[in-house]
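[1] here is my input; please provide its structure:
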Amino acid sequence: MNKQLRVGIFGANGRMGRSLISMIAEADQLQLAGAYVRPGNNFIGMDAGEMAGVGALNCGVTDQLDPEAVDIVIDFTLPEGMVKHLAWCRQYKIPMVVGTTGVNVETLAALEQAGEDIPLLFSANMSKGVNLLFKLVDIAAKAIGQQSDIEVIEAHHRFKKDSPSGTAVKIGEVIAKALDRDLNKHAIYGREGITEERDRETIGFATVRAGDITGDHTVMFGDIGERLELTHRAHSRDTFARGALDAALWLVQQPKGFYKMEDIFEL
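    Numbering: from 1, shown residues only. Sure thing, here's the model as predicted:
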């Protein structure tokens, strides 16, 4: 790519938005061309680089969307806001990278349909390591899942609003598909008090919310006499920001369609 890719960020004032701005500031191939926030936000009018603590980038924080200013947008906002941004991207044919979590079935269908109009990449987790974890979980589930008790344990910071995490749900979906089970019927999202003996076909989820944990995910395959644990720990949001920016550089070279992070890594 000869010229810099002009990137717009929805939710620029959020934790992920600031991480993205910081990394764009250091990237030769990228230019911050849009830093979007909700109307009435206190950061409107401020330089986005100064908001992110990396110095002026000559890009003001705004609630005004300009389709001529950007080549691609990245969205880590909440589902309700993301759906509005999705409609705008479809209208103006702007490629979109979506890292929003807590997406329901209807919203996922809308994302998939958007691929009819624009190149769109959606992933509950932009980390290369996590996407490799999905593949390893699939292999383990097919090899030993039928005779194992399977538990998914995830931990995040105190500010995270959805539970279980989108990544944990994706792990559950990978397991259920590998074992030909219906996750809606076999998922257990909490245990309390006296319960019956564990049903071998259930897939358990446990959630921790504490402090500033960036993101931990462990998948346990437990049998009598042994257990296998697969774990990924994210130490910095830069991991997700770097993955999202790699996705943006890849996506602008693709035809319209619905893509996943594993498409980039050929997993």
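
[2] for the lengthiest helix in the chain, which positions count as buried?
    Across the chain, the longest stretch assigned as helix under DSSP state H is helix 128-144. Buried residues in helix 128-144, counting neighbours by 16 or more other C-beta atoms under 10 Å, are found at 128, 130-131, 133-134, 137-138, 140-141, 144. Heads up, the C-betas are built off the backbone N, CA and C, glycines and all.

[3] determine the set of other helices and strands touching that helix.
    Applying 3 or more C-beta pairs under 8 Å, 6 or more residues apart in numbering; DSSP states H and E, one finds that helix 128-144 contacts helix 166-178, strand 215-223, strand 226-234, helix 261-265.

[4] kindly reformat the ones you listed as TSV containing distance to residue 75.
    Rendered in TSV, the data for the helices and strands packed on helix 128-144 read as follows (distance: least, C-beta to C-beta, whole Å):
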stretch	distance to residue 75
helix 166-178	14
strand 215-223	18
strand 226-234	19
helix 261-265	15
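
[5] what's the most buried one of the ones you listed?
    helix 166-178 (a mean of 21; mean count of other C-beta atoms under 10 Å).

[6] chain center to that helix: distance?
    14 Å (C-alpha atoms, centre = their mean, to the nearest Å).

[7] which helices and strands does the helix or strand that it is followed by pack with?
    Note on helix 166-178: by DSSP states H and E, the next helix or strand toward the C-terminus is helix 183-186. When contacts are defined as 3+ C-beta pairs under 8 Å, 6+ apart, helix 183-186 packs onto helix 166-178.

[8] contact partners for the residue nearest to residue 214 when sequence neighbours are not counted?
    In space, and not counting its chain neighbours, residue 214 is closest to residue 234: 4.5 Å by C-beta to C-beta, 6 or more residues apart in numbering. By C-beta atoms under 8 Å, 6 or more residues apart in numbering, residue 234 lies in contact with 127, 129-130, 214-216, 240.

[9] circling back to that earlier point, run the angle between the helix or strand following the longest helix of the chain and strand 215-223 for me.
    The element immediately downstream of helix 128-144 (helix or strand, assigned by DSSP H and E) is strand 149-156. Interaxial angle, strand 149-156 versus strand 215-223 (axes from the mean of the first three to the mean of the last three C-alpha atoms, to 10 degrees): 170 degrees.
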